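Peer 1: Have a look; sequence and predicted model below, questions after that.
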Amino acid sequence: MTVTRTVLDRGWIRLEDMMGGDGAVVRGARICYQSEGTSPDADARLIRRLVSSRPAHNTVFEHAVFRFGVKCPLFVGRQWMRHRIGSYNERSLRYCLADREYYVPAGHPEQQEAYVRHMEASFDLYEQLVAAGWKREQARGVLGLAVYTEFIWTVNAWSLMNWLEKRLDRGAQWEHRQYAKAALDIFCEVMPITATAFKEAVLAR
Ligand SMILES: Cc1cc2nc3c(=O)[nH]c(=O)nc-3n(C[C@H](O)[C@H](O)[C@H](O)COP(=O)(O)OP(=O)(O)OC[C@H]3O[C@@H](n4cnc5c(N)ncnc54)[C@H](O)[C@@H]3O)c2cc1C
């Protein structure tokens, strides 16, 4: 299974694999109550109740698990990895050469040329240092935070919703919000009942 959304000028988020889904949440809840679903509607009502219940019966959502691949600017990745409940592995600039790929924000045409010139000059220097025998892990120090990185993120639906709630908020950085919007779109596609209940009960608050 691969569902991909492009984000920013060169980034993307893709769902590489998943386990569970809405059915796993229902299973997690019904074992607690030793109940059986009488219809798909009853299961959907149960999920809606669970999403909006306070205090939250949150662990039932942990039975649905996603593995996302992400390509994003380093500064977005740095914010993302503050979300501790999940597993990450990231492309290493100790072991790999950095690709000449960086994010260019739109909306500032007067300074854009200077920005690009600066980024290109930093890559020129990086490549000169590596060619001169510098270790990649030291040469990377001259690169900027707009450089694209890639990582994989394995996260359960509960933690995904926590990230979505925080990073879709208008107070979150616009670039990070674009990834959260794309991930919400994928979430709606693959786990529609939970995602719809989450939008109605949490995001619309
Ligand atoms: C708009 C915005 C601005 C931010 N600005 C800054 C900033 O300037 N500087 C900065 O350092 N960070 C900043 N952050 C990061 C923020 O403080 C959180 O680290 C980040 O959003 C991860 O949230 P989280 O802890 O809920 O997620 P996770 O780490 O995934 O944790 C999920 C949940 O698990 C529980 N949990 C996890 N670990 C612990 C623990 N050790 N103790 C108790 N409960 C735990 C909590 O209930 C937590 O909500 C910002 C975040 C946002 C959204």
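Peer 2: Sure, I can see it.

Peer 1: The residue located most distally from the centre of the chain and A139, how far apart?
Peer 2: Ranked by distance from the centre of the chain (C-alpha atoms, centre = their mean), the top residue is A132, with 36.6 Å. Look at A132 and A139: by C-beta to C-beta, to the nearest Å, they are 9 Å apart. From N, CA and C alone the C-beta is placed, and that goes for glycine too.

Peer 1: C96 too?
Peer 2: Distance of C96 to A139, computed by C-beta to C-beta: 12 Å.

Peer 1: repeat for F151
Peer 2: Distance from F151 to A139, by C-beta to C-beta: 21 Å.

Peer 1: Extract the residue ranges of the protein that are flagged as low pLDDT.
Peer 2: 1 (pLDDT under 70).

Peer 1: Going C-terminal from the longest helix along it, what's the next secondary structure element?
Peer 2: Determined from DSSP state H, the single longest helix within the chain is helix 109-131. Next along the chain after helix 109-131, taking DSSP states H and E as the criterion, comes helix 136-139.

Peer 1: The closest residue to the ligand within the chain and W163: what is the separation?
Peer 2: When scored by C-beta to the nearest ligand atom, the chain has R84 as its residue closest to the ligand, at 3.3 Å. Using C-beta to C-beta, R84 is found at 11 Å from W163.
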